[in-house]
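Participant: just coords:
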């Protein structure tokens, strides 16, 4: 991967995304989509900033039936938005609790309301309303002719299938993640406070080229860890611990999301067996990740291996998911998700199981669905539980 | 600050927060508050995880009129929630788009709906609805007797005033931030790609003891930067650049939020003058940050100095804000915010101005409001624009 890999996307890519969205909007009779969330605003505009960390200000991007999206944003973002392909940028001096963009939106949407049009807002699974609910209710009440439909399906359909330019970024961050995990045996050691293992891991990730490490969780305990979303404690790593680190690093706004397991000093038989089962479950998942197969079928392929040890499959709720601008995206590898895999989808495989006395183990890899099957973009975990001595 | 500083809070602190909330709920006739957001769930429960990075699953904490809060959460979080002071933990196997907690919430709220009770949901300024809007609408439609009121004011009133235990954490992360900024002259140099300056800064922050650096933005350009929320480019730092870095680092879930400015090689007169004005505007802010003074008065104290150079005060919308579990919190230092400052509030002072040909400069410091005035918790910026040679 070249260091010269270019950040951002061409205007052509944003135009293509917008046109695809508009084609689907036309099919469903939507006169536009009002988007509020970081990933969606960035997907259609290229507006990329960590300023979303501040919950104070709402940001709006309206994708009309034809033409470029229209940005309705706080003035503090105008200079950055002007660097994107967006031309129509309407701003207000935010924060302004009495009118945080509402009159600008009302002005924009009034002609559509007058025609009794329908616009889309994301209201579906894995979404949130990133503006004050009170403001949203006032906006809608002030536009009585306007119908609001759920446009989650349109956005989901587009975002689930990645372009080659997106896949390049995902390739890069997965390589960075793999190189970082490869250094763990030299970063982590018996007696190290687990909190310091996290700190060393984050520093290594940055050295390897990650822009940021927004997600790092893990577990470490004698003969297996007990939960998979905790922050680290000051407890020192001990001989006989099974340690897991699960990370979502970013490069240019795209995430990797995978984990690795190690034994500290020595590995107990139960953990070695759990590891072996999950490693083979992942193999079954890789073999099943083909265009035309459903996520439910992928789930069952992995679950049939996990069932050798555990009928419940842990209790993390699913065995993997989509990956891209967010740590977790649609679809889900679960029995109820019949999404058909397509070329260009980027997915995690995340088999897990419960074993012993309330212990849990999770494996995770990242892949791209290609015409001839899965292309792994994380470097495959070792086939046997590695021991850090 | 001792390394032994303890993470988390005592159960007593969570009980006190809950009782204060319940007292305010009683005053306004609320039978409970349904909370959905990371900061609020953590504030009342102690549930602390980076897993909120995943947008897939909603999380609910219900604060009843009396007794401990009740958690309604995905099963994947149960083990971690059981480590908190919360006893009543109701879980479901998420994700489950058909019923992501809605039937559990309906069961919980039905007795209140039957009595025609009012519960609070945060609908006000600086909030978002962190669950699918469609699910929220279905939940409310299924509880026709229930009234929903906005409880933003109650939560805002509590969270704005920090306990000493919270202030200790803010002290610590501000010290870490200050030590990191102190290293910048040895990390940054002419010819360095600005992106690499960011990477070196993040690594130093971790070395100094930050858990994470969720926010890092900045600017660098000849004779001044042009916007304050951009990610870094590959452009190398050049002699005559004015560079600004603004960071929100965390320790145990609490943020610092301040910035520093430097000239690379040499500083132009206009930038030195802008720096001097903002440094004195910050002094005016520090002098005005007293119990009994309003945020509007604090704003005017700073603005009257900024006006020496710029009537508009930049266009970032305000001259500082609250700070705590989020990078930016209520209140805002603006002419319309008449919040009266109280002992224990933790605030940023963030004067900014426009100068020259579209350049902008921002200063920022963090402080605690004490009975005898402001206690600065960031190490005060140098009185003259520092030059990195």
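Facilitator: That came through fine. On a predicted model such as this, the values are computed, not experimentally measured, just so you know.

Participant: Would you map the helices across chain A?
Facilitator: Here chain A has its helices, by DSSP state H, at A:11-28, A:38-45, A:78-81, A:102-114, A:133-141, A:152-160, A:164-187, A:194-208, A:269-288, A:295-306.

Participant: Residue B:82: which of the ones you listed is closest?
Facilitator: helix A:194-208 (19.3 Å; CB to CB). All C-beta atoms are positioned from the backbone trio N, CA, C, and that covers glycine.

Participant: And that closest one, what does it pack against?
Facilitator: Contacts defined by 3 or more CB pairs under 8 Å, 6 or more residues apart in numbering or on different chains; DSSP states H and E place helix A:194-208 against helix A:164-187, strand A:212-222, strand A:241-251, helix B:194-208.

Participant: which of the ones you listed is buried the deepest?
Facilitator: Among the helices and strands packed on helix A:194-208, the stretch with the highest mean neighbour count (mean count of other CB atoms under 10 Å in any protein chain shown) is strand A:241-251, at a mean of 24.

Participant: Could you tell me which strands it is paired with, and in which direction each runs?
Facilitator: According to DSSP bridges, strand A:241-251 forms sheet pairs with strand A:212-222 (antiparallel), strand A:254-255 (antiparallel), strand A:258-264 (antiparallel).

Participant: Give the buried residues for stretch A:282-300.
Facilitator: Buried residues in stretch A:282-300, counted by 16 or more other CB atoms under 10 Å in any protein chain shown: A:282-286, A:288-290, A:293-300.

Participant: Relative to residue B:156, which of those residues is nearest.
Facilitator: The closest of the buried residues of stretch A:282-300 to residue B:156 turns out to be residue A:295 (CB to CB; 41.5 Å).

Participant: That closest one and residue B:55, how far apart?
Facilitator: For residue A:295, the distance to residue B:55 (CB to CB, to the nearest Å) stands at 18 Å.

Participant: Same question for residue A:288.
Facilitator: 26 Å.

Participant: go on, residue A:44?
Facilitator: Here residue A:44 is placed at a distance of 18 Å from residue B:55 (CB to CB).

Participant: Around residue A:232, how many other residues sit close by?
Facilitator: 21 (other CB atoms under 10 Å in any protein chain shown).

Participant: meant to ask about residue A:354
Facilitator: 21.

Participant: closest point of the stretch 251-389 of chain A to chain B, which residue?
Facilitator: Nearest residue of the stretch 251-389 of chain A to chain B: residue A:328, at 4.1 Å (CB to the nearest CB).

Participant: Contacts only, for that residue.
Facilitator: Residue A:328 sits next to A:126, A:257, A:321, A:322, A:348, B:54, B:55, B:56 when contact means CB atoms under 8 Å, 6 or more residues apart in numbering or on different chains.

Participant: Next one, pLDDT for the closest residue in space to it that isn't next to it in sequence please.
Facilitator: Leaving aside its sequence neighbours, residue A:328 sits nearest to residue B:54 (CB to CB, 6 or more residues apart in numbering or on different chains; 4.1 Å). At residue B:54, the model reports a pLDDT of 94.

Participant: same deal with residue A:231?
Facilitator: Listed pLDDT for residue A:231 reads 88.

Participant: How about residue A:71?
Facilitator: For residue A:71, the model assigns a pLDDT of 98.

Participant: Neighbour count: residue A:44 and residue B:55, which is higher?
Facilitator: residue A:44 (25 against 19).

Participant: The nearest residue to the more buried one once chain neighbours are set aside: neighbour count?
Facilitator: Nearest residue to residue A:44, sequence neighbours excluded (CB to CB, 6+ apart): residue A:69, at 5.0 Å. Residues contacting residue A:69 under the criterion other CB under 10 Å number 26.

Participant: okay, now residue A:68: neighbour count?
Facilitator: Counted by other CB under 10 Å, the residues lying close to residue A:68 total 18.

Participant: Mind putting the strands paired with strand A:241-251 into CSV with mean pLDDT?
Facilitator: Compiled in CSV, the strands paired with strand A:241-251 are given as follows (pLDDT from 0 to 100):
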stretch, mean pLDDT
strand A:212-222, 97
strand A:254-255, 98
strand A:258-264, 98
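
Participant: got CSV for those strands, with distance to residue A:201 too?
Facilitator: Formatted as CSV, the strands paired with strand A:241-251 follow (distance: least, CB to CB, whole Å):
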stretch, distance to residue A:201
strand A:212-222, 7
strand A:254-255, 16
strand A:258-264, 10
